[in-house]
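[1] Build me a model:
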Amino acid sequence: MQEEKTTPGADAPEAPEVPGMPETAEEPEQQESTALAHDRELACQNCAAPLAYMEGENVITCPYCGTTTMLAGYDNIVKIDGHSMLPIEVNENDAISTLITWLSKGFHRSKSYVAAAKLSSVRGLMLPYWIVKSSASTSWHGKKKRTKSTGTGDNKRTQTWYEPVSGRFDEDFTWPEYARENPDEFWGIANIQPGKKSIFPDWGKFWLRLGGSRESSNRDMLDGKIPFDIEAVKNAGMNENLVNGQITQERAEANARGNIKSHQAKKAESKTDVITDVDTTVNVNKVDLVYVPMWELKYSIDGKQYSALVDGSKKELLSAEYPVSKKAKITLFDIFLGIPAIIAGIIGFGNGVGPAKIAMFVLAGLMLAYSLKKGLGSKN
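    Below is the predicted model:
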């Protein structure tokens with residue numbers, strides 16, 4: 001696979017070939033730098049270089065020495081000492097290989113994707129997050145549904161009632177809050193928060209949609225962090241998408257408290273049938289500004305565009321869209337009809353020819369027809 005990337009004011013260099021995906025049939029999209037027109041300026045507090053920034057940006061990283069400054073208010077400029085980054089251990093080819101491997105595995109995906117997929121763009125991102133190291137303690141009260149059958153025959157009845165239940169659980173977080181206003185400026189970057197949906201299956205018109213999605217785990221966002229190294233960012237080619245922050249530390253901490261409480265409330269709701277009260281106390285231990293390396297990939301299958309986000313410090317997929325394979329659809333459809341077909345068959349063969357046996361053959365015929373239709377079709 002070959003990919004062309006366009007940099008404003010320069011000829012587009014060729015990326016090295018990576019086996020696994022075919023060369024795109026059409027010209028890949030030109031990737032414009034996310035560097036915006038800047039209309040303000042201040043001096044770096046470390047090297048005195050001029051720092052251009054946009055109105056609304058409050059966390060500014062020097063592109064010369066890597067020092068970060070926070071505008072904490074009118075005429076209040078604060079140098080951020082706890083400024084770090086996750087190490088850049090994944091290059092462009094590694095990111096592509098990570099996506100290829102992921103597309104090749106799993107019940108809902110297929111190795112045929114690798115042959116069918118066309119990579120249209122890859123870009124390295126170096127994005128600022130406020131990492132809120134905190135602990136949350138949650139107590140909850142609710143009701144658990146109980147049922148009991150009484151009587152026999154025509155007098156059989158089912159009684160339903162609710163019993164009061166309660167519980168408590170604790171959890172530690174290194175909660176990531178994106179340091180800019182618009183999380184949609186780069187695909188998928190809001191999905192790394194714990195509990196956020198991060199894997200998005202495309203079922204097309206198929207209605208039996210079971211599984212295939214995933215939520216982000218509560219991972220340690222400070223694991224392996226190192227002092228911010230502007231030279232490492234430049235060497236990785238991520239300086240084009242090294243952006244300034246817009247959200248101050250104080251606001252990020254407040255946002256994290258609210259998001260953690262929402263996360264804990266959702267978790268509490270999964271523990272019983274009806275929740276009547278949830279109370280969460282969040283203790284913040286530390287807030288660090290951490291730049292997180294990522295690779296944003298755009299690819300298409302059968303003419304439909306999908307996106308993926310790969311961790312730039314580990315060979316892990318953070319978030320992705322993908323089409324569900326026809327094999328998975330056939331299997332789910334056959335299971336859905338197979339269970340009632342088996343039941344109908346057991347009843348039918350025990351009672352001779354009758355409606356149950358007819359139903360079994362009808363269901364088996366539908367399973368065979370659908371399997372043949374999808375199996376002979378050209379779509380994945």
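[2] Spell out the residue ranges of the helices in the stretch 51-200 of the chain.
    Along the stretch 51-200 of the chain, the stretches classed as helices by DSSP state H, counting those that start in this stretch are 92-104, 112-116.
[3] among those, which is the most enclosed?
    Greatest average neighbour count among the helices of the stretch 51-200 of the chain goes to helix 92-104 (a mean of 20), per mean count of other C-beta atoms under 10 Å. The way it works is simple: take the backbone N, C-alpha and C, and place the C-beta from them, glycine included.
[4] Who are the packing partners of it?
    Under the contact definition 3 or more C-beta pairs under 8 Å, 6 or more residues apart in numbering; DSSP states H and E, helix 92-104 sits against helix 112-116, strand 118-150, strand 274-301, strand 304-311, strand 317-323.
[5] Which stretches in this protein count as strands?
    40-43, 50-53, 59-61, 68-73, 76-79, 83-85, 118-150, 157-178, 197-202, 214-215, 226-227, 274-301, 304-311, 317-323 (DSSP state E).
[6] wait, which of those is closest to Phe333?
    strand 197-202 (15.4 Å; C-beta to C-beta).
[7] strands paired with that closest one, and their directions?
    strand 214-215 (antiparallel), strand 317-323 (parallel) (DSSP bridges).
[8] Now those strands in TSV, please, with extra columns for mean pLDDT and distance to Phe169.
    Output for the strands paired with strand 197-202, formatted as TSV (pLDDT from 0 to 100; distance: least, C-beta to C-beta, whole Å):
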stretch	mean pLDDT	distance to Phe169
strand 214-215	96	17
strand 317-323	97	26
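[9] most tightly surrounded among the ones you listed?
    The most buried one of the strands paired with strand 197-202 (mean count of other C-beta under 10 Å) is strand 317-323, showing a mean of 22.
[10] ok, residues contacting it?
    Strand 317-323 is touched from outside by 98-99, 102-103, 108-109, 113, 187-188, 191-192, 198-202, 204, 216, 294, 301-302, 304, 306-311, 380, with contacts defined as C-beta atoms under 8 Å, 6 or more residues apart in numbering.
[11] Select only the buried ones of those residues in ChimeraX?
    Here is the ChimeraX command that selects the buried residues among these (16 or more other C-beta atoms under 10 Å):
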select :98,99,102,103,108,109,113,187,188,191,192,198,199,200,201,216,294,301,306,307,308,309,310,311,380
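[12] picking up where we left off before, ok, which of the strands paired with strand 197-202 comes nearest Glu240?
    Comparing those by C-beta to C-beta, strand 317-323 comes nearest, at 20.0 Å.
[13] returning to that earlier point: of all the strands paired with strand 197-202, which lies closest to Asn93?
    It is, among the strands paired with strand 197-202 and with distance given as C-beta to C-beta, strand 317-323, at 15.3 Å.
[14] mind putting the helices of the stretch 51-200 of the chain in a markdown table, mean pLDDT included?
    As requested, these are exported to a markdown table (pLDDT from 0 to 100):
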| stretch | mean pLDDT |
| --- | --- |
| helix 92-104 | 96 |
| helix 112-116 | 84 |
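[15] Which one of the strands of the chain lies nearest to Glu92?
    Going by C-beta to C-beta, the one of the strands of the chain nearest Glu92 is strand 118-150, 5.5 Å.
[16] For the closest one, list every residue counted as buried.
    Quick answer for strand 118-150 (16+ other C-beta under 10 Å): 118-134, 136, 138, 140-142.
[17] just how off-centre is that strand within its chain?
    Centroid separation for strand 118-150 versus its chain: 11 Å, with C-alpha atoms, centre = their mean, to the nearest Å.
[18] for stretch 248-260, same thing?
    With C-alpha atoms, centre = their mean, you get 20 Å for stretch 248-260.
[19] And for it, what's in contact with it?
    58-59, 70-72, 130, 132, 134, 136, 173, 175, 177, 179, 193, 247, 280, 282, 284, 287, 289.
[20] Counting neighbours, which of those end up buried?
    Among the contacts of stretch 248-260, the ones that count as buried (16+ other C-beta under 10 Å) are 58-59, 70-71, 130, 132, 134, 136, 173, 175, 177, 179, 193, 247, 280, 282, 284, 287, 289.
[21] Brilliant, that's me finished.
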